[in-house]
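Participant: With the input below, show me the fold.
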Amino acid sequence: MPTLTQGDGDDLLARYRRAREARDVDAMMELYREDADLRLDPFADHLAGDLAIRAHWNDVAASQANVEFDAERTWVAGSTVLAAWHGAWTLRVTAERVRGRGFVTFELDDERRIVRERRWTIERAVGRDSTFEPEPPGSAG
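Facilitator: Just a heads-up that it's a prediction; the model follows:
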């Protein structure tokens, strides 16, 4: 496993942010190793491998719009990047605006790809996004 620098951690979070805000599943998947493991919260079953992780990000991209993501603070320890983050997104079907805040850890391999991701997130609906018209289910674009 690599010994990462703060710059490596900042670079990972910048790439994650670009992919997340663009809802670009292919760019997001470039961050993960093929056999990666993702746990969306401490009580959820983990998603193992690129097919399960891609399915998750496909669902996220299809169900959200107007995505914002920002890492407030990042730390690096050995081969692990840790970050406190906040974000917001609009649910496509209802136009409900959701704000989230949380903590994430990424364990990276020698190629600086995510081997394991763990998240702890709190979400809250904060109203309706007046800039977005709700879309019927199945019409996400």
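Participant: residues contacting the residue nearest the centre of the chain?
Facilitator: For the chain, the residue nearest the mean C-alpha position is residue 20 (5.9 Å; CA atoms, centre = their mean). Residue 20 is in contact with 28, 67, 69, 87, counting by CB atoms under 8 Å, 6 or more residues apart in numbering. Any C-beta I mention is one placed from the backbone N, CA and C, and that applies to glycine too.
Participant: Can you tell me which of the residues you listed has the most neighbours?
Facilitator: Highest neighbour count within the contacts of residue 20, by other CB atoms under 10 Å: residue 28, with 23 neighbours.
Participant: May I see the buried residues of the helix or strand residue 20 falls within?
Facilitator: Secondary structure assigned from DSSP states H and E places residue 20 in helix 6-22. By 16 or more other CB atoms under 10 Å, the buried positions in helix 6-22 come out as 8-9, 12-13, 16-17, 19-20.
Participant: Measure how far it is from the centre of its chain, please.
Facilitator: Here helix 6-22 is found 10 Å from its chain centre; the criterion is CA atoms, centre = their mean, to the nearest Å.
Participant: what's downstream of that helix, the next helix or strand?
Facilitator: Later in the chain than helix 6-22, the nearest helix or strand by DSSP H and E is helix 25-29.
Participant: List of residues touching that next one?
Facilitator: For helix 25-29, contacts defined as CB under 8 Å, 6+ apart pick out 15-16, 18-20, 50, 53-54, 57-58, 61.
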